[in-house]
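Engineer: everything below, folded, please.
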Amino acid sequence: MRIRLLYILLITSLLGCKSDEPSAEALQLESAFAGSLQLNLTGDITASIPVDRSISLLFSTALDPATIATGIKLLAGTQEITKTVSLSAQGKSALLSVNGILENNTIYTVSLTDELRSADGATITPTSFQFRTQAGELELVSVLMNGEAISNNPRVQNVDPQLTLTFEFSTPINVSTFETAFRLQGKSVNIVSSNEDKTITVTPTTSLDYIKKYNFSISDDLESAEGRGFDGYSLEFYTKLDPSFKFPQISEEDLLTKVQKQTFKYFWDFAHPNSGLARERNSSDNTVTIGGSGFGVMSIIVGIERGFITREQGVLRLKKIVDFLKGADRFHGVWPHWMNGNTGETVPFSANDNGGDLVETAFMIQGLLTVREYLNPGNTQEQSIRNTITQLWQEVEWDWYTQGGQDVLYWHWSPNYGWEKNLKIRGWNESLIVYVLAASSPTHPISASVYNEGWARNGDMANNNEYYNIQLPLGSSFGGPLFFSHYSFLGLDPRNLQDQYANYWNQNVAHAKINHAYSVANPKNFVGYGEGAWGLTASDNHNGYSAHSPTNDLGVITPTAALSSFPYTPEESMTALKHFYYIMGDKLWGEYGFYDAFNLTENWYASSTLAIDQGPIILMIENYRSALLWNLFMKNEEISDGLDKLGFTSY
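Structural biologist: Here you go, the predicted model:
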């Protein structure tokens, strides 16, 4: 009895140990097709399958090639049929072909045995399904582009411009009718038949263009050799990007400097001549932007330190800017979103928004406090600028924007419309810096309760879900547009920044990596997404402007998204930078650095550059390289006091 008990315990122990071992992802058959006809995997026999079809099986994961011959069987009754099985490049699709055609009016069985394995060793639950053949009309059995079957892909892309099309038909065709029926957009072609006129090969007489959408079609003018009709067929596809480098290759460090220097021209050469502030975009005339100009004043520091301008030049520009800001429209110390660069008068941003914009003002104050720490108090001119910055900082009435003492900050106030917009600043988004500055104000501070109840919503801004095996501490699904991890952290150093709600370095790294992983996965199959082209954030697009993100994906890649994430994803961002510059530079690189965005699916490239997108590129690359702006901003004693007040335990 004791021996038997020990035996049971031993078996239980072994089974327990085995359960701790990692298991491979289960192998499953997801779908099956005979040509383009989907087969029923359970229940009834699929009827009327043409005799000349190959059978394609789509699995949940890549197969082990060594197991497909014995693990996949084709039977007619109990008789196993000789067949060949080939795998797609990804290994998830298996194509069953026979020598010749199948027998008419015959029930065939596809059987998957327990010998079939995935590439990582997972087994499949044995299963089978059946279909009945029937000789039919003239049908297109398969289409190959440069030797690759296009299967049922709704958006074929990355096609080599040296194109060869191969069409396999169910029965011999009348070749002369194919010559009439076939059209390839904008191209003349050569047509060759083979396999007793069942196989047609088409090659354009000249190469296709790179990265362009094309269409080919076969009209119903096509007939079989016996005169049977054809329903017609058409397909859109995209050629691949030209892989050649558009500019000479330079070192990574030189490339980073080149991007910073070229982008800096937006804030230096294109700055408004009267105010020195940044224009909203490269097509703006006298409209300047407060938030983008906050990024711009920080870029002047980078310009001095990198030798793009002299310190004397930078100091003169900074004096022009702060003197203009002192005389411009303010609403309880808060600037509007847009102003006229000549007069300082408010330019309405939207309906009922012709007053103070607290978030844009916070971006400006973040920049000015960084500048104040950079300037030398021992220099009379620089100390004068420092004094003006201190005055502007102290005149911002952060507490006024609690709308009478509520435990939340409000985005807008207008002397004409009051609090009519009624937009609360709540997390998680780009506005953490607003609350940090409001708590840090030496003259008009908010209490910690405004931060905890208004911004953090007492913890309700938490997420803590996983996306692509990456845990996201805060925010909406997939993290939202990437500028959430940029704007507040141009000066506010996220390294070791932590409070009761999150570690903000972990938050920003997770956000950037999720955005990258989503772009590489490309679930909507947009053209051009990948390791070299990733990054979804707010920008111009082919229909206007939108805050692009994984939950608002329109096929638009915005260079600032990946490039401003350099501190968080240095390898992924460098891969993107090289792709944008070397491979796509003929379309993306301009007078002020990279253009705002592109959508290869729509063959659209922005001609615009925006202050709020160009600025973070310069600044976050610099923080990645030297932490210059982080170190300067965090030297402000008021900021340390504000972070202490809000409960930040490490910074």
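Engineer: for the closest residue to residue 208 other than its chain neighbours, helix, strand, or coil?
Structural biologist: Using CB to CB, 6 or more residues apart in numbering and skipping residues adjacent in sequence, the residue nearest residue 208 is residue 161, 4.0 Å away. The way it works is simple: take the backbone N, C-alpha and C, and place the C-beta from them, glycine included. The local conformation at residue 161, judged by DSSP: H, G, I helix; E, B strand; the rest coil, is coil.
Engineer: residue 209 is in contact with residue 161, correct?
Structural biologist: Yes: between residue 161 and residue 209 there is a contact at 6.6 Å, judged by CB atoms under 8 Å.
Engineer: circling back to that earlier point, okay, now the residue nearest to residue 208: neighbour count?
Structural biologist: Residues within reach of residue 161, counting by other CB atoms under 10 Å, total 17.
Engineer: what sits against it?
Structural biologist: Residues in contact with residue 161 (CB atoms under 8 Å, 6 or more residues apart in numbering) are 207, 208, 209, 210, 239, 240.
Engineer: which of those are buried?
Structural biologist: Among those, those classed as buried by 16 or more other CB atoms under 10 Å are 208, 239, 240.
Engineer: save these as a markdown table, and put in distance to residue 91, secondary structure and pLDDT too.
Structural biologist: Converted to a markdown table, the buried ones among the contacts of residue 161 look like this (distance: CB to CB, whole Å; DSSP: H, G, I helix; E, B strand; the rest coil; pLDDT from 0 to 100):
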| residue | distance to residue 91 | secondary structure | pLDDT |
| --- | --- | --- | --- |
| 208 | 28 | coil | 97 |
| 239 | 25 | strand | 97 |
| 240 | 22 | coil | 96 |
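Engineer: could the residues you listed be laid out in a markdown table, adding distance to residue 95?
Structural biologist: Below are the buried ones among the contacts of residue 161 laid out as a markdown table (distance: CB to CB, whole Å):
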| residue | distance to residue 95 |
| --- | --- |
| 208 | 26 |
| 239 | 25 |
| 240 | 24 |
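Engineer: residue 400: which of those residues is nearest?
Structural biologist: Closest to residue 400 out of the buried ones among the contacts of residue 161 is residue 240 (56.0 Å), distances taken as CB to CB.
Engineer: how about the nearest residue to the closest one, chain neighbours excluded?
Structural biologist: Using CB to CB, 6+ apart, the nearest residue to residue 240 is residue 158, at 4.4 Å.
Engineer: contact partners for the one you found?
Structural biologist: By CB under 8 Å, 6+ apart, the residues touching residue 158 are 238, 239, 240.
Engineer: would you turn those residues into CSV with distance to residue 403?
Structural biologist: Formatted as CSV, the contacts of residue 158 follow (distance: CB to CB, whole Å):
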residue, distance to residue 403
238, 51
239, 56
240, 55
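Engineer: and which of those residues is nearest residue 501?
Structural biologist: When the contacts of residue 158 are compared for distance to residue 501 (CB to CB), residue 238 comes out closest, at 43.6 Å.
Engineer: am I right that that closest one is in a helix?
Structural biologist: No: the assignment for residue 238, made by three-state DSSP, is strand rather than a helix.
Engineer: tell me if I'm right that it and residue 155 touch.
Structural biologist: Yes: shown here, residue 238 and residue 155 form a contact pair, counting by CB under 8 Å, at 7.4 Å.
Engineer: quick one: which of the two has more around it?
Structural biologist: Applying other CB under 10 Å to residue 238 and residue 155 shows that residue 238 carries more neighbours, namely 20 against 13.
Engineer: follow-up on the earlier one: which one among the contacts of residue 158 gets closest to residue 63?
Structural biologist: When the contacts of residue 158 are ranked by distance to residue 63 (CB to CB), residue 240 comes first, at 26.8 Å.
Engineer: pop out the phi and psi values for the closest residue to residue 72 other than its chain neighbours.
Structural biologist: The shortest distance from residue 72 to any non-neighbouring residue, by CB to CB, 6+ apart, is to residue 85 (5.6 Å). Phi and psi for residue 85, reported as degrees, to the nearest 10, are phi -130, psi 120.
Engineer: count of neighbours near residue 85?
Structural biologist: Neighbours around residue 85, by other CB under 10 Å: 18.
Engineer: surely it meets residue 93?
Structural biologist: No: using CB under 8 Å, residue 85 makes no contact with residue 93, being 10.7 Å away.
Engineer: any low-confidence regions in the stretch 51-200 of the chain?
Structural biologist: Applying pLDDT under 70 to the stretch 51-200 of the chain flags the ranges 52, 135-136, 151.
Engineer: show me where it has its strands.
Structural biologist: Using DSSP state E, counting those that start in this stretch, the strands of the stretch 51-200 of the chain run over 55-59, 72-76, 79-80, 84-87, 93-97, 107-112, 127-133, 140-145, 148-149, 156-159, 165-169, 182-184, 189-194, 199-204.
Engineer: kindly reformat the ones you listed as CSV containing distance to residue 265.
Structural biologist: Shown next, in CSV, are the strands of the stretch 51-200 of the chain (distance: least, CB to CB, whole Å):
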stretch, distance to residue 265
strand 55-59, 51
strand 72-76, 61
strand 79-80, 71
strand 84-87, 51
strand 93-97, 49
strand 107-112, 62
strand 127-133, 63
strand 140-145, 43
strand 148-149, 44
strand 156-159, 34
strand 165-169, 46
strand 182-184, 43
strand 189-194, 47
strand 199-204, 42
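Engineer: can you check which of those gets nearest to residue 509?
Structural biologist: Comparing the strands of the stretch 51-200 of the chain by CB to CB, strand 156-159 comes nearest, at 30.0 Å.
Engineer: ok, now which ones touch residue 435?
Structural biologist: Contact analysis of residue 435 by CB under 8 Å, 6+ apart lists 409, 425, 446, 450, 451, 454, 455, 646.
Engineer: which of those residues lies closest to residue 557?
Structural biologist: The closest of the contacts of residue 435, once distances to residue 557 are taken by CB to CB, is residue 425, at 28.7 Å.
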